[in-house]
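[1] no FASTA, just this:
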């Protein structure tokens, strides 16, 4: 389980962020004493840091600068400031991404998983689903020499389900991910895409791979 | 200043002189002064008086003429005191001093109001950032509890907050933007996601074409512009939004088109004006007449141009032209 450390001085917000991340299968903890934030960051074994810019005692930017001297773990900056200057500054200090308040929870989770995945990918092998090879580049699923071509939408859906395999992925999350990829589908189109994907998976021999949970979403088994 | 006007202004003085001259003549006549002497006296006094007036006129004319010229030619009339050089006659000096004092006090007053306005704007900006915290907290709570009923209203609150922020900023935007290479597609997608639920609820289909371009702009402001346009489309009953970009040798123009109720031809020239709500504003109560005004102001500050085309009952199309920067290719 990936560990995430939240450094955010607004109590309500950081608690809710914690809940959000825990609900999505991360191990989240938060900094509550801001006098020693820098030390806590250094001592933490988290895989990812969510760092607010406006903090007591010191600013997030300074913290990030300090932190970058000793570590290159991923950091996502959080802020209610919406000026481009902050964004450019944070990025130049070595932030991996930047999210402005109020966050869209789905987008926040997408960014978190994207940053974590980017890190993993650097050393990882092929992406597999059971004994089938998934190629996002080619947009194909290959099993025992059988190659199944997925459309762009189907691939996006399949990859999100695969990333969160065994968990419920809501239609809302699927939709946001699709829109994030310039595919502005509506509710019906999503259903059609999911059922086509089901069909294609069945053809490869994965019967009932995608399970529907009524009013909750889908689970890939 | 014409001499006749000057004399006319001195009419009472002239009458007094003439009357006193006549009285003196009658008085001297009573003492049997000879007529020739009276005539000479008459000529000398009249010539003297006339010379006094003429000399006075010549002394004042340049000053007042210059004053009038300056005020006619000046763009900012209040700068007149800077143009006035103190003349060598009393009235003029008084006038120049008064003008200077007046100007000084006005400058103080303007500075005071500027400072107040700036402070107020800063406060608003700070407030917006502060209020975003509880809004953000509530949004996360809604998401964690799986309650979407409230998040819709929160979204509306958030939109209005954004509106205030951008209005406060558009006044002195110079300080607050970074023009850089921005992906048109990315900016549009980010806005689209923000409005996804609302768009789907209203059954609005979205399509884009040819957005894979980079433009020189400030991404956040562009995002705000998109959100205003999208908000309008939703407000005015569109079911389809099409966004396309078009490249010409010296500009890139973005066409944001919807099939909503459209804008009456008579209203079209005024839609970018402040507080203009037009006919649609009367039939659709949520109009404030601020959205497009802020959009046009932001575009102006960013160096883009914005225009609109519409046929009532058919479509509305907002066109934003981004100038092309040659440096973009050099990079």
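    Sure, I can see it. Nothing here was measured: the structure is a model prediction, and the numbers come from that model.

[2] quick one: name whatever helix or strand follows the helix or strand of chain A with the lowest mean pLDDT.
    Lowest by mean pLDDT, DSSP states H and E among the helices and strands of chain A is helix A:84-92, with a mean of 69. Going down the chain from helix A:84-92, the next helix or strand is strand A:97-100, by DSSP states H and E.

[3] name the residues of stretch B:159-175 that are buried.
    Within stretch B:159-175, the residues that qualify as buried are B:161-163, B:165-170, B:173, counting by 16 or more other C-beta atoms under 10 Å in any protein chain shown. Heads up, the C-betas are built off the backbone N, CA and C, glycines and all.

[4] now the longest helix that chain B contains, how far from the chain's geometric center?
    If you go by DSSP state H, chain B has its longest helix at helix B:90-145. Using C-alpha atoms, centre = their mean, to the nearest Å, the distance from the centre of helix B:90-145 to the centre of the chain it belongs to is 16 Å.

[5] so does the helix or strand that it is followed by get close to chain A?
    Next helix or strand after helix B:90-145 toward the C-terminus (DSSP H and E): helix B:148-170. Yes - using C-beta under 8 Å from any C-beta of the partner chain, helix B:148-170 reaches chain A at B:154, B:158, B:165.

[6] and which of these is nearest to chain A?
    residue B:158 (6.0 Å; C-beta to the nearest C-beta).

[7] find me the pLDDT at that closest one, would you?
    With respect to pLDDT, residue B:158 scores 85.

[8] list the contacts for it?
    By C-beta atoms under 8 Å, 6 or more residues apart in numbering or on different chains, residue B:158 lies in contact with A:102, B:132, B:135, B:139.

[9] contacts only, for residue A:6.
    Counting by C-beta under 8 Å, 6+ apart, residue A:6 makes contact with A:14, A:17-18, A:21, A:28-31, A:50.

[10] which of those residues are buried?
    Here, 16+ other C-beta under 10 Å leaves A:14, A:17-18, A:21, A:28-31, A:50 buried among the contacts of residue A:6.

[11] of those residues, which pair is most distant in space?
    Using C-beta to C-beta, the buried ones among the contacts of residue A:6 span at most 14.1 Å, a distance reached by A:21 and A:31.

[12] residues contacting the closest residue to residue A:15 other than its chain neighbours?
    Once flanking residues are discounted, residue A:15 sits nearest to residue A:30: 7.5 Å by C-beta to C-beta, 6 or more residues apart in numbering or on different chains. Listed by C-beta under 8 Å, 6+ apart, the contact partners of residue A:30 are A:5-8, A:14-15, A:17-18.

[13] just residue B:230 next, same as before
    Counting by C-beta under 8 Å, 6+ apart, residue B:230 touches B:191-192, B:195, B:199, B:241.

[14] ok, then the element right after the helix or strand where it lies?
    Residue B:230 is part of helix B:219-235, with elements assigned from DSSP H and E. For helix B:219-235, the succeeding helix or strand toward the C-terminus, using DSSP H and E, is strand B:240-248.

[15] pLDDT score assigned to the residue located most distally from the centre of chain A?
    The C-alpha centroid of chain A is most remote from residue A:145, which lies 31.3 Å away (C-alpha atoms, centre = their mean). For residue A:145, the pLDDT comes out at 84.

[16] how close does it sit to residue A:132?
    11 Å (C-beta to C-beta, to the nearest Å).

[17] got the contact list for the nearest residue in space to residue B:62 that is not next to it in sequence?
    Distances taken as C-beta to C-beta, 6+ apart place residue B:87 nearest to residue B:62, at 8.0 Å, with adjacent residues excluded. Counting by C-beta under 8 Å, 6+ apart, residue B:87 makes contact with B:60, B:62-63, B:93, B:96.
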